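Peer 1: here is my input; please provide its structure:
(one chain, ligands or ions: 1)
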Amino acid sequence: MDLSAQYRRIEHRIRSEMEGVLSSAAFINGPKVEALEAQLAERAGVAQCVSCASGSDALVLALRVLNIGAGDRVLCPAHTFAATVEAIVRIGAEPVFIDIDPRTFNLDAERLEHWLAADTSARVRAVIAVDLFGRPADYDRLGAIAARFDLHLVADAAQSFGGDHHGRPVGSLADITITSFYPSKPLGCYGDGGALFVHDTSLADRLRSLRNHGISSDHTRHDEIGMCSRLDALQAAVLLARLTIFDDELERRERIACAYQKGLGALLVTPTLSTGCRSAWAQYTVCLPGDTEEDNSDLATRRDAFVAHLREQGVPARCYYSPALHRHPAYRSVLHDGLPRTDRVAAGAFSLPMHPYLEAHHIEQVCQAVSEAGHDR
Ligand SMILES: Cc1ncc(COP(=O)(O)O)c(C=O)c1O
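Peer 2: Predicted structure coming up:
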């Protein structure tokens with residue numbers, strides 16, 4: 001992400017929004033935070049947006065407001081950033097990893113259904129779907145499964161805010177959606193920040209209390225034990241300035257994804273979306289084409305050599321979530337459903353540069369380097 005190009009573009013707006021906070025001396029909550037929450041709720045098509053200190057805290061707050069805790073199980077993918085599963089462990093519940101769809105990198109509805117039909121523990125309370133790399137998960141199917149098994153559906157949209165699923169905006173697709181404003185996210189601030197999106201105003205009221213030590217709205221009582229997780233007003237000011245160009249940035253990302261598709265579609269397995277679905281293109285992640293018989297470790301070796309070649313050509317390609325979380329010491333003991341597709345994707349996928357300020361010559365350079373790396377293999 002080229003944050004300095006973005007800063008140069010809106011420097012005056014950022015400075016003037018921040019100046020407003022400095023002269024008001026309202027550094028926590030206050031008018032900027034309220035204005036931001038109102039704009040974000042409108043964008044997401046929900047009744048309420050509640051900001052907080054990070055996407056990681058937003059996940060914890062989401063599970064807490066759903067009264068999930070010790071003894072409960074929560075299902076999620078292993079091909080994600082650690083914060084998704086960390087939140088489940090932080091509230092004392094037990095995570096279970098479910099396999100992904102290798103084409104979308106998101107939870108596989110069939111594998112989810114399969115686990116739920118076989119899990120006789122009666123402890124599963126929620127599913128966290130992750131919109132990996134910016135592409136919304138299949139909320140139509142996941143929502144129907146969650147309803148059938150009487151589960152809460154939480155959307156981890158840390159990477160996908162700004163995307164759409166069949167014409168419906170990210171934020172409105174699950175019981176609770178969370179996002180992150182970490183600087184490199186599609187809608188990032190200049191520090192840590194996060195938010196939750198809910199349809200139900202009473203949930204929002206409780207989230208506002210939980211993020212502020214469980215204090216009642218009249219500030220007279222602690223109704224429950226909460227957290228210190230507020231978004232500071234300077235970060236809200238940055239986000240208000242950033243929102244003025246967010247739609248344009250999303251369109252630029254979309255154009256860059258189309259250019260990559262044109263240049264790389266014949267060389268790599270490139271991402272595709274169904275009509276009416278829009279990715280926020282947090283990352284442009286591709287896979288090496290390969291023989292299904294190839295061993296995962298051979299594929300990973302081939303992928304690593306490919307990525308090293310790109311980097312030598314000045315293309316900062318990267319492998320995210322490889323290996324996936326169930327292969328890390330901290331999460332090796334987490335229950336899972338086998339995860340063969342997760343392992344496959346973790347071995348073969350890598351991400352190419354993606355941000356709104358890439359120019360045509362950058363894309364050409366990437367396509368050229370990919371083509372050369374392909375020949376040298
Ligand atoms: C999928 C996912 N979930 C949760 C988070 C946590 O967000 P934050 O860094 O704001 O705590 C991230 C951030 O990288 C993420 O990518």
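Peer 1: what parts of the stretch 51-200 of the chain come near the ligand?
Peer 2: 54-56, 80-81, 83-84, 130, 156, 158-159, 180, 182, 192, 194 (CB under 6 Å from any ligand atom). Every C-beta, even on glycine, is put in place using the N, C-alpha and C of the backbone.
Peer 1: now stretch 198-208: mean pLDDT?
Peer 2: Stretch 198-208 shows a mean pLDDT of 97.
Peer 1: which residues are contacting it?
Peer 2: Outside stretch 198-208, the residues that touch it by CB atoms under 8 Å, 6 or more residues apart in numbering are 46-48, 50, 52, 61, 65, 172, 175-177, 196, 217.
Peer 1: repeat that with 7 Å
Peer 2: 46-48, 50, 61, 65, 176, 196, 217 (CB atoms under 7 Å, 6 or more residues apart in numbering).
Peer 1: then stretch 18-32?
Peer 2: 230, 232-234, 236-237, 240.
Peer 1: now intersect these with the strands, please.
Peer 2: Using DSSP state E, no member of the contacts of stretch 18-32 falls within strands.
Peer 1: next step: the residues you listed restricted to helices.
Peer 2: 233-234, 236-237, 240 (DSSP state H).
Peer 1: redo the contacts of stretch 18-32 as JSON lines? Include neighbour count.
Peer 2: Listed next are those as JSON lines, based on neighbours: other CB atoms under 10 Å:
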{"residue": "230", "neighbour count": "20"}
{"residue": "232", "neighbour count": "20"}
{"residue": "233", "neighbour count": "25"}
{"residue": "234", "neighbour count": "19"}
{"residue": "236", "neighbour count": "27"}
{"residue": "237", "neighbour count": "26"}
{"residue": "240", "neighbour count": "22"}
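Peer 1: can you sort out which of the residues you listed also neighbour the ligand?
Peer 2: Applying CB under 6 Å from any ligand atom to the contacts of stretch 18-32, none is adjacent to the ligand.
Peer 1: what two of those are the furthest from one another?
Peer 2: 230 and 240 (16.4 Å; CB to CB).
Peer 1: indicate the residue of this structure located nearest to the ligand.
Peer 2: Taking CB to the nearest ligand atom as the measure, the chain has residue 55 as its residue closest to the ligand, at 2.5 Å.
Peer 1: quick check: that residue touching residue 82?
Peer 2: No: using CB atoms under 7 Å, residue 55 makes no contact with residue 82, being 11.6 Å away.
Peer 1: these two: which is more packed in?
Peer 2: residue 55 (27 against 14; other CB atoms under 10 Å).
Peer 1: if we ignore the residues flanking it in sequence, what's nearest that one?
Peer 2: residue 180 (2.7 Å; CB to CB, 6 or more residues apart in numbering).
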